[in-house]
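Colleague: no sequence on hand, only this structure:
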């Protein structure tokens, strides 16, 4: 079992994860998020094996596998997928799961915690080093501060188990309790674990996205790139990927940019086009 680092080491490791420490040189890689092909996966027009082939065809290094359409979590499904990815030099570096951590102590929290431990085991079997998690919606009968406290408590315990498997948990800016960068930072700092960081989704802030992205960038352990972004007024506009890539590079980020496509054009035509664009930007900044 991997020895857990003491809580005081969290800040040091988090800085290293974001390219800090002894060097500020970034290391950028591109990936495809399985959610981009949600319609095809749901209808079974595509399989997760097919996503490995798509990663090769689109010249990306990794896959962020949204697990919603996994046909099974048994080894009979997971191990052949891991082997197929390895044989094609594609890294299944992350899985993305649904969680709701805005739960007080009790049976509902216990179920969420058990489910997350199961996904940690799945990630370990696949060889993934990261899991994207959600904070959840603030209950109408609770305050944001109270809900953030519950998320902190859950992530402290989940981080211990994930860390025992060498897996990082990335809390996504995904509305609800994680709508604002300030709250996300408070949660991650309070958790104070080297195994818990931020899954930075460039398209999810409801306003003033570039400013909020800059705030949470030092805590990012994974990034998902979307085609649109919200400006200062909350209007949806085309994302300036060149600007975003520079921001990540200048912050010393070391990790993946997973394309998560959510627009109206078919993913079968949009994803190849957008991955070419993202690849070019990343290689230019390297």
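Modeller: Alright, I've got the coordinates. Predicted model only: the values in this text are computed from it and were never measured.
Colleague: quick one, helices of the stretch 151-286 of the chain?
Modeller: 181-191, 209-216, 241-250, 267-285 (DSSP state H, counting those that start in this stretch).
Colleague: out of the ones you listed, flag the one nearest residue 120.
Modeller: With distances scored as Cβ to Cβ, the stretch of the helices of the stretch 151-286 of the chain nearest to residue 120 is helix 181-191 (15.7 Å). All C-beta atoms are positioned from the backbone trio N, CA, C, and that covers glycine.
Colleague: re the thing from before, any chance of the helices of the stretch 151-286 of the chain in a markdown table, with mean pLDDT too?
Modeller: Converted to a markdown table, those look like this (pLDDT from 0 to 100):
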| stretch | mean pLDDT |
| --- | --- |
| helix 181-191 | 98 |
| helix 209-216 | 98 |
| helix 241-250 | 97 |
| helix 267-285 | 96 |
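Colleague: out of those helices, flag the one nearest residue 137.
Modeller: Per Cβ to Cβ, nearest to residue 137 of the helices of the stretch 151-286 of the chain: helix 181-191, 13.1 Å.
Colleague: quick one, that closest one and helix 209-216 angle?
Modeller: Angle of helix 181-191 versus helix 209-216, following axes from the mean of the first three to the mean of the last three Cα atoms, to 10 degrees, is 10 degrees.
Colleague: list the buried residues in helix 181-191.
Modeller: Neighbour-count burial for helix 181-191, with 16 or more other Cβ atoms under 10 Å as criterion, is recorded at 181, 183-184, 186-188, 191.
Colleague: ok, stretch 31-43 next?
Modeller: 31-38, 40-41.
Colleague: still on that earlier bit, looking at the helices of the stretch 151-286 of the chain, spot the one closest to residue 71.
Modeller: Among the helices of the stretch 151-286 of the chain, helix 267-285 sits nearest to residue 71 (Cβ to Cβ), with 19.8 Å.
Colleague: which strands or helices does that closest one pack on?
Modeller: Packing partners of helix 267-285 (3 or more Cβ pairs under 8 Å, 6 or more residues apart in numbering; DSSP states H and E): strand 27-33, helix 38-43, helix 241-250, strand 254-259.
Colleague: chain center to it: distance?
Modeller: Between the centre of helix 267-285 and the centre of its chain there are 19 Å (Cα atoms, centre = their mean, to the nearest Å).
Colleague: residue 131 belongs to a strand, doesn't it?
Modeller: Yes - according to DSSP: H, G, I helix; E, B strand; the rest coil, residue 131 belongs to a strand.
Colleague: do you know how far it is from residue 215?
Modeller: Residue 131 sits 23 Å away from residue 215, going by Cβ to Cβ, to the nearest Å.
Colleague: who's more crowded, the two?
Modeller: residue 131 (24 against 17; other Cβ atoms under 10 Å).
Colleague: that one touches residue 95, doesn't it?
Modeller: Yes - between residue 131 and residue 95 there is a contact under Cβ atoms under 8 Å: 5.5 Å.
Colleague: next, show the common contact partners of those two.
Modeller: Common neighbours of residue 131 and residue 95 (criterion: Cβ atoms under 8 Å, 6 or more residues apart in numbering): 119, 123.
Colleague: distance to residue 171 added to the helices of the stretch 151-286 of the chain, as JSON lines?
Modeller: Listed next are the helices of the stretch 151-286 of the chain as JSON lines, based on distance: least, Cβ to Cβ, whole Å:
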{"stretch": "helix 181-191", "distance to residue 171": "6"}
{"stretch": "helix 209-216", "distance to residue 171": "10"}
{"stretch": "helix 241-250", "distance to residue 171": "18"}
{"stretch": "helix 267-285", "distance to residue 171": "23"}
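Colleague: of all those helices, which lies closest to residue 49?
Modeller: helix 267-285 (16.5 Å).
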